[in-house]
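# show me how the following folds:
(2 chains)
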Amino acid sequence: MSTPLRILGIETSCDETAASVVLRDEKGSGRILGDVVLSQLEEHSAYGGVVPEIAARAHVEALDTLIEEALLRAGVSLKDIDAIAATSGPGLIGGLIVGLMTGKAIARAMGKPLYAVNHLEGHALTARLTDGLSFPYLMLLVSGGHTQLILVKGVGDYERWGTTIDDALGEAFDKTAKLLGLPYPGGPAVERAAGAGDPERFDFPRPLVGDARLDFSFSGLKTAVRQAAQSLEPVTDKDIADICASFQRAISRTLKDRVGRGLKRFKEEYASVAQPALVVAGGVAANQTLRATLQALCDAQGFRSVAPPLPLCTDNAAMIAWAGAERLAAGLPADGLEVAPRSRWPLDGGAQALIGSGKRGAKA
Amino acid sequence: MWPRKAREVMSANMLVLAIDTSGSGCATAVYDGAARVVLARAQEDIGRGHAERLMAFVDEALGASARRLEDIDRIAVTVGPGSFTGIRVGVAAARGLALALGKPAVGVTTLHAVAESARKADPGRPVLAVIDAKRDEVYAQSFDALGQPETAAEVLPVGLARERFSGFDGLVCGSATHLVAGSEMAGEASRKADMIDIAVVARLGAAADPASAKPKPLYLRGADAKPQAGFAVTRAVAG
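Prediction:
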């Protein structure tokens, strides 16, 4: 499409309420015109994790004001918007409903198309907004809700190469933090504690390392951490630091093996791609130890490592607006206003449900 | 052509779009506030799927009333108490419409709507609205003979509600009538789920102060989450 597009994005799939206006110019370059994120961190911290009902309650009272703020910052009105993009899955259903209904109402009232965007597609396409990356590339999404290695072939064209068969990586951080009495969210707390620790003191398990398939598993690691901590009770600050450092080391080694295999596979399947790239997204991408591991891995295998700025790695609405812009520009059809929110929605339609996904199929 | 004066009167008419998704029903209505008539409504007991179907109900009521969404002056939406998710479907849609249309949205409680329906049928008496909240609790609120709230909306154990309102001199209505006032007070209709009259929602919405705060869910119950304690390992005392 050869005209500039302005898209309003809405994101409410977990514990961030977000709205953004993104411009996609004639050449396909993107620019964020206005971007607002309201974190519900404090509402959930007492519970050591996201409480779905609390999240949904917060979304519905904040979203319309955030949309107004995003438009204001962008210096545009709804009349200037070409389409509405709202996350409609996967995620917490109560929050998804709020964002999607708001998006439907605005789309209907303004007579603009609505794109019901897959949250994972938002993460997958962000590197094209920030770095103008060309297809195909690999993406590692590591967050509180997801741990996936995805081949991004084109807009709407994805292959899930690996996913977690139990806990998401961010969840493993949160649970470890909770066990050790560290604050929520666990990622930064564990990383801080690990700084002074001995990463060699505990030899924690690295499930699936060496396995040919590219999936992840972190629940065994969680159990091992608990057993180690309980065997030391009462734990000292040194014990906590050593456990956190050893935990991070186990994860680094797991990622090195799992992602390393993924990079090799990419090079085999796409030998003609001159500059292969690995995009790292999700809140866990903020962890410096893991970042360093992935950077070293990319350097060793000749991959360019692309890590969008942190606010665009964690949940945000700019990526949803951008995914909408990409879909619109690619000529993909808009969604009808009867579209349903989906708590489970694999990005790769052909992805199989793994153990632990339950009878409703693959979560993501 | 309308004479100028008549056109001005016409434009002063307030057109209200009413929405209710607080229970198993999904209902919309277009209400003419000046003529005090419902121009059209769309409603069905759909059980679930409000998020998928609400916009079609909005279009149906607009179509049947031969009005466009841009003609609407105000949106009225039920804010509960009721299904948490259902309330959010309606409130999010109402606030989204209000934002895009640049028109106010106002909230109407289900207790007020239930009481108002009863008061209309049997005017001149105070009204106590009691809605079955399950788990041996009821949502309750009393209104005077003019329909003004006398007590705050609250959730009460059935026993306490019975005690609190034992001397209530007026009409008791709503799905928990048999629980609070005894079965002799409750007609067959009141035992059924509270079907909200969308025309009443529209009328109460038309009478509400548009400058009041944006519609906000009235849950009356907490999020049912408990801080997790005793999960962490014990820490050695420092020093």
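# who's in contact with residue B:72?
The contact partners of residue B:72, taken as CB atoms under 8 Å, 6 or more residues apart in numbering or on different chains, are B:15, B:16, B:17, B:30, B:97, B:101, B:103. Using the backbone N, CA and C atoms, a C-beta is placed for each residue, glycine as well.
# the strands in the chain, which residues?
I went with chain A, as the question did not name one. A:5-11, A:16-24, A:30-39, A:83-89, A:114-118, A:137-142, A:147-154, A:157-163, A:277-281, A:304-306 (DSSP state E).
# looking at chain B here, not the other one
Listed in chain order, the strands of chain B (DSSP E) span B:15-20, B:25-32, B:37-45, B:74-78, B:105-108, B:127-132, B:137-143, B:154-157, B:171-173.
# shouldn't residue A:153 be in contact with residue A:139?
No: counting by CB atoms under 8 Å, residue A:153 does not reach residue A:139; the two are 11.1 Å apart.
# tell me which of those two has more neighbours.
Applying other CB atoms under 10 Å in any protein chain shown to residue A:153 and residue A:139 shows that residue A:139 carries more neighbours, namely 27 against 13.
# tell me the contacts of that one?
A:123, A:124, A:127, A:148, A:149, A:150, A:151, A:152, A:278, A:279, A:280, A:281.
# next, residue B:222: phi, psi?
Per-residue torsions, residue B:222: phi -70, psi 180 (degrees, to the nearest 10).
# now it: how far from residue B:155?
10 Å (CB to CB, to the nearest Å).
# do residue B:19 as well
According to CB to CB, residue B:19 and residue B:155 sit 23 Å apart.
# quick one: which of these two has more around it?
Between residue B:19 and residue B:155, counted using other CB under 10 Å, the more crowded position is residue B:19 (32 against 17).
# what are the ranges of the helices in chain B?
B:4-12, B:50-65, B:84-101, B:110-121, B:158-164, B:177-180, B:188-191, B:198-207 (DSSP state H).
# deepest of the strands of chain A, which one?
Mean neighbour count (mean count of other CB atoms under 10 Å in any protein chain shown) peaks for strand A:83-89 among the strands of chain A, with a mean of 30.
# angle of that one against helix B:84-101?
Going by axes from the mean of the first three to the mean of the last three CA atoms, to 10 degrees, strand A:83-89 is angled at 170 degrees with respect to helix B:84-101.
# can you list the strands that strand A:83-89 pairs with?
Partner strands for strand A:83-89, per DSSP bridges, with pairing direction: strand A:5-11 (parallel), strand A:114-118 (parallel).
# CSV for the contacts of residue A:139, including pLDDT and distance to residue A:226?
Listed next are those as CSV, based on pLDDT from 0 to 100; distance: CB to CB, whole Å:
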residue, pLDDT, distance to residue A:226
A:123, 95, 30
A:124, 95, 33
A:127, 96, 36
A:148, 96, 25
A:149, 97, 27
A:150, 97, 30
A:151, 97, 35
A:152, 98, 36
A:278, 98, 32
A:279, 97, 33
A:280, 95, 28
A:281, 92, 29
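# for chain B, tell me which of the residues you listed show up nearby.
Among these, no residue sits close to chain B (CB under 8 Å from any CB of the partner chain).
# tell me which of the helices of chain B is the most buried.
The highest mean neighbour count among the helices of chain B, using mean count of other CB under 10 Å, belongs to helix B:84-101: a mean of 27.
# residue ranges with poor pLDDT in the chain?
Reading this off chain A. Within chain A, the segments meeting pLDDT under 70 span A:1-2, A:352-362.
# you answered for a different chain; I wanted chain B.
Those would be B:1-13, B:183-193, B:228-230, B:238-239, if you go by pLDDT under 70 across chain B.
# find the closest residue to chain A in it.
Closest to chain A within chain B is residue B:96: 2.9 Å, counting by CB to the nearest CB.
# gap between that residue and residue A:114?
In this view, residue B:96 and residue A:114 are 11 Å apart by CB to CB.
# list residues touching both of these two?
Residues touching both residue B:96 and residue A:114 (CB under 8 Å, 6+ apart): A:103, A:104.
# need the contact list for whichever residue of the stretch 251-364 of chain A sits closest to chain B.
Ranked by CB to the nearest CB, the top residue of the stretch 251-364 of chain A for proximity to chain B is residue A:337, at 4.1 Å. With contact set as CB under 8 Å, 6+ apart, residue A:337 has these partners: A:104, A:107, A:108, A:114, B:55, B:56.
# tell me the one of the residues you listed nearest residue A:85?
The closest of these to residue A:85 turns out to be residue A:114 (CB to CB; 7.8 Å).
# the closest one touches residue A:105, doesn't it?
No: at 9.8 Å, residue A:114 does not count as touching residue A:105 under the criterion of CB under 8 Å.
# need the helices for the stretch 51-200 of chain A, in chain order.
Counting by DSSP state H, counting those that start in this stretch, one finds helices in the stretch 51-200 of chain A at the ranges A:52-74, A:93-110, A:119-130, A:169-179, A:186-194.
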